[in-house]
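> the amino acid sequence is not available; the structure is as follows:
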């Protein structure tokens, strides 16, 4: 019996929902009626069997990435590897760190190959691949606690920005984090790059050895976690203001290095109600800055 | 149907095969999808905000959630999403429309589910405890934390029944009595263990769906039948292997040689003399005081229920099996020259017959039925004309459920229902300081019927408006059985 993904329009009739195993995508395309239909058909077609493709190479995808070469075959798997490879020489990272963004990017690619659209996005649980043309823009809400309702702030991304990928990582999400950040949102050229970088920066926001932080081996929580016995953050107790600042600053250092290397366009780091922004005057990070002021004024 | 998720156990982990990721899931954890979890070694679906889901949209697949739960009434089509009342919130008295009045369009039939959490200040639970052990005299008070929360009622077919809660304990006694009763009902209804003591009887830990623990000893099996029934069931298997069998039972102790079943097999008299009151041949009442020993009596030496053997009929070398109604206790005796029973090693074929008794005893469980009534004010939250809701339920136009679980609606006045708490989602019950329990109750009917009975049509919301809503929370159904 062939397992089929769940594919349906949401009740609003505009957005398409695709779900298969752990993959849960919301897709919205804006354009002519025929184009939107072609886009959704293409998304459904590409999505069917995609999880099986990935799972064929799951064992390899859960191993630390080789910085120099890629032994993977699938298009999504190779994209995952490419996204994490820039970090693989310096730290532990597996292609799984970029799985969500890479899937989003793959589906967006299939859509754009099939239809002319003004605007489209594929949102894979907060890791988002974007398509923008001309005067179109996206308003994106930032969440500091994925386990709770409510937005921290919103930001706008226009077609002129180089940003086509957004991803958020942190200790409350579905994946484990080695760091203590509540959320790190990264803007990058692609969703897969954003996904990998968000993981790296969220891991960097940390206070090693702090007694208020509870860590457990990842494989005690999820026996087949790609993180193996590495300690992942489960609880973060009370931290002083200076400790919060210190942890965020370590993460921000990491983000600045990635920014300088051209791997990201901007980042917002959040820990215990404090936010720190990294971006060097690009339009995207400018957008973040403006919102930050707004946010501060509202607070 | 399409994919059915199953799980293979590896140590305490289970391996989910709902999708090719094939997660190993530890107890209490969820898989990579956050949709399947390992709950006490069982693979359960834990989707947010949907209790019963039927996803047959284009190319969609069906994921079993309520395994085998074919409870849908034939009156109306089952909605693809069933919204339960848990967390719907309510006020007391319920003078305003129920918090959610949800409509969903299914197969051209507009469905309405009036979803509310009822406040049940007169409610109670009926507890069935599968045990032969003596829990206490009928009508004795049952206490929790020293407060009277109910009483022992009739014993039924090898089970002891307790009736707990009700208006007198919830609101008629002291403040503490009301609070403790409310806590006891809530914990029992939420499938948590509760320690109860019976005046002049035992202390028993009751937990819905689990074996009772009587005076610290977990009960394992229900008795196979009364002592007399056991004789009837096994007489043929004992015939020729032993001269006499006594099945010790607090209710009716059976004696093979005197019993009708023994007579039919031409089993010879043995000269046995039983204590207690003979009811009919081979059936004895009150051979011993009730207790937690052999067969629900207080004895630990089964010979204490026997008088001396009759010298005219008994003979040296006569063999006798004594066994309890669960097979939990058994002993084998041979009469010596003085016609005294002397315990000996039990022959293998008799051991097997004792094991057969054990095998035929069903696992002992506690079951808890929540019993509540939709009073006038709750019904007013559903319709302007409450009695029409009652009539609609009686006429089977409206289906009543509690947390999505089927209920039994008592005939007669009002909407008084009982529901098996193990069929309801975890944490379905809450309380208010009144004190009273808060329990989910849903009335499902055709939209046209809802209008006809004076429903709050202005407050009907489409099902889609509940999605992506903060009013929705995930839930887990631990004990839902096939």
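Received it, and whenever you're ready, just let me know what you need. Owing to the predicted nature of the structure, the values given are computational and were not obtained by experimental measurement. Numbering: from 1, shown residues only, chains lettered A, B, ... in the order given.
> contacts only, for the residue of the stretch 151-300 of chain B found nearest chain A.
Taking Cβ to the nearest Cβ as the measure, the point where the stretch 151-300 of chain B comes nearest chain A is residue B:190, at 23.7 Å. C-betas here are computed from N, CA, C, even on glycine. The contact partners of residue B:190, by Cβ atoms under 8 Å, 6 or more residues apart in numbering or on different chains, come to B:421, B:426, B:427, B:428, B:429.
> closest to chain A out of these?
Among the contacts of residue B:190, residue B:427 lies closest to chain A (Cβ to the nearest Cβ), at 18.1 Å.
> next, count neighbours for the closest one.
By the criterion of other Cβ atoms under 10 Å in any protein chain shown, residue B:427 has 16 neighbours.
> and what about it, helix, strand or coil?
Judged by DSSP: H, G, I helix; E, B strand; the rest coil, the three-state class of residue B:427 is coil.
> torsion angles phi and psi at the nearest residue to it once chain neighbours are set aside?
If you skip the residues right next to it in sequence, residue B:427 has residue B:190 as its closest partner in space, 5.9 Å away by Cβ to Cβ, 6 or more residues apart in numbering or on different chains. For residue B:190, the backbone dihedrals are phi -90, psi 20 (criterion: degrees, to the nearest 10).
> so for residue B:190, what's the pLDDT?
Residue B:190 carries a pLDDT value of 88.
> same check, this time on residue B:442
Per-residue confidence at residue B:442 stands at 79 (pLDDT).
> point me to the residue of the stretch 1-150 of chain B nearest chain A.
residue B:19 (3.0 Å).
> quick revisit: could I get the contacts of residue B:190 as JSON lines with pLDDT?
JSON lines is the format used below for those (pLDDT from 0 to 100):
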{"residue": "B:421", "pLDDT": "92"}
{"residue": "B:426", "pLDDT": "77"}
{"residue": "B:427", "pLDDT": "74"}
{"residue": "B:428", "pLDDT": "77"}
{"residue": "B:429", "pLDDT": "80"}
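> just the buried residues from the residues you listed, in ChimeraX please.
To isolate the buried ones among the contacts of residue B:190 in ChimeraX, judged by 16 or more other Cβ atoms under 10 Å in any protein chain shown, type:
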select /B:421,426,427,428,429
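> spatially, which two of the contacts of residue B:190 are the most separated?
Greatest spacing in the contacts of residue B:190, by Cβ to Cβ: B:421 and B:427 (11.2 Å).
> can I assume residue A:14 sits in a strand?
No. Residue A:14 is assigned coil when assessed by three-state DSSP, not a strand.
> for it, the count of nearby residues, please.
For residue A:14, the number of neighbouring residues by other Cβ under 10 Å comes to 12.
> skip the chain neighbours and tell me the closest residue to it.
residue A:28 (6.1 Å).
> tell me how far that neighbour lies from residue A:119.
Using Cβ to Cβ, to the nearest Å, one obtains 8 Å as the distance from residue A:28 to residue A:119.
> tell me which stretches of the stretch 51-200 of chain A form strands.
Per DSSP state E, counting those that start in this stretch, the stretch 51-200 of chain A carries strands over the ranges A:119-124, A:127-132, A:137-142, A:153-158, A:165-169, A:183-188.
> in CSV, list those strands along with distance to residue A:259, mean neighbour count and mean pLDDT.
Written out in CSV, the entries for the strands of the stretch 51-200 of chain A read as follows (distance: least, Cβ to Cβ, whole Å; neighbours: other Cβ atoms under 10 Å in any protein chain shown; pLDDT from 0 to 100):
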stretch, distance to residue A:259, mean neighbour count, mean pLDDT
strand A:119-124, 23, 24, 90
strand A:127-132, 19, 26, 91
strand A:137-142, 18, 16, 74
strand A:153-158, 17, 19, 73
strand A:165-169, 14, 29, 89
strand A:183-188, 10, 30, 89
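> so can I have CSV of those showing distance to chain B?
Written out in CSV, the entries for the strands of the stretch 51-200 of chain A read as follows (distance: least, Cβ to the nearest Cβ, whole Å):
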stretch, distance to chain B
strand A:119-124, 13
strand A:127-132, 15
strand A:137-142, 13
strand A:153-158, 17
strand A:165-169, 16
strand A:183-188, 18
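> how about those, which one is nearest residue B:35?
If we rank these by Cβ to Cβ, the stretch that ends up nearest is strand A:119-124, at 15.4 Å.
> any stretches of the stretch 51-200 of chain B with poor pLDDT?
Residue ranges of the stretch 51-200 of chain B with pLDDT under 70: B:51-121.
> so who does residue A:264 touch?
Contact criterion Cβ under 8 Å, 6+ apart gives A:186, A:187, A:188, A:193, A:194, A:197, A:255, A:258 as the residues in contact with residue A:264.
> what separates the last one from residue A:82, distance-wise?
Using Cβ to Cβ, one obtains 15 Å as the distance from residue A:258 to residue A:82.
> those two: who's more crowded?
Just comparing residue A:258 and residue A:82: by other Cβ under 10 Å the higher neighbour count belongs to residue A:258, 24 against 19.
> residue A:270 is in contact with residue A:182, isn't it?
Yes. Taking contact to mean Cβ atoms under 8 Å, the distance of 4.9 Å between residue A:270 and residue A:182 places them in contact.
> what's the local residue count around the residue lying closest to residue A:75 once chain neighbours are set aside?
Nearest-residue entry for residue A:75: residue A:106, 6.5 Å, with adjacent residues in sequence omitted and distances by Cβ to Cβ, 6+ apart. For residue A:106, the number of neighbouring residues by other Cβ under 10 Å comes to 26.
> quick one: residue A:106 and residue A:74, what's the gap?
9 Å.
> ok, now residue B:302?
With distances taken as Cβ to Cβ, residue B:302 is found 72 Å from residue A:74.
> higher neighbour count, the two?
Regarding residue B:302 and residue A:74, a neighbour count based on other Cβ under 10 Å identifies residue B:302 as having more, with 26 against 18.
> burial count for the closest residue to that one other than its chain neighbours?
With Cβ to Cβ, 6+ apart as the measure, residue B:322 is the residue that lies nearest to residue B:302, at 4.3 Å, once sequence neighbours are left out. Counted with other Cβ under 10 Å, the burial measure for residue B:322 works out to 24 neighbours.
> rewinding a little: next, count neighbours for the residue of the stretch 1-150 of chain B closest to chain A.
24.
> got it, and the one 5 residues further on?
Using other Cβ under 10 Å, residue B:24 has 19 other residues around it.
> shaky segments in the stretch 151-299 of chain A?
Using pLDDT under 70, the flagged stretches of the stretch 151-299 of chain A are A:151-154, A:173, A:280-299.
> residues from the stretch 51-200 of chain A in reach of chain B?
The stretch 51-200 of chain A comes close to chain B at residues A:51, A:52, A:55, A:58, A:149, A:174, as judged by Cβ under 8 Å from any Cβ of the partner chain.
> contacts only, for residue B:143.
With contacts defined as Cβ under 8 Å, 6+ apart, the neighbours of residue B:143 are B:149, B:196, B:197, B:198, B:199.
> over to residue A:15?
A:9, A:26, A:27, A:28.
> most neighbours among those, please name it.
Ranked by neighbour count (other Cβ under 10 Å), those have residue A:27 at the top, with 27 neighbours.
> which strand or helix spans it?
Assigned by DSSP states H and E, residue A:27 falls within strand A:23-30.
> hmm, back to that, for the contacts of residue A:264, which one is nearest residue B:180?
When those are compared against residue B:180 (criterion: Cβ to Cβ), the nearest one is residue A:186, at 54.4 Å.
> what bridges to the closest one?
Residue A:186 has these beta-bridge partners by DSSP bridges: residue A:167, residue A:267.
> close enough to count as contact, it and residue A:199?
No. Using Cβ under 8 Å, residue A:186 and residue A:199 do not qualify as a contacting pair, with a distance of 9.0 Å.
> joint contacts of the two?
residue A:169.
> am I right that residue B:178 sits in a helix?
Yes. Assigned with three-state DSSP, residue B:178 falls within a helix.
> got the contact list for it?
In this structure, residue B:178 makes contact with B:169, B:170, B:171, B:435, judged by Cβ under 8 Å, 6+ apart.
> and whatever residue of the stretch 51-200 of chain A ends up closest to chain B, how many residues sit next to it?
Scanning the stretch 51-200 of chain A for proximity to chain B using Cβ to the nearest Cβ identifies residue A:55 as nearest, at 3.8 Å. A total of 15 residues lie near residue A:55 under the criterion other Cβ under 10 Å.
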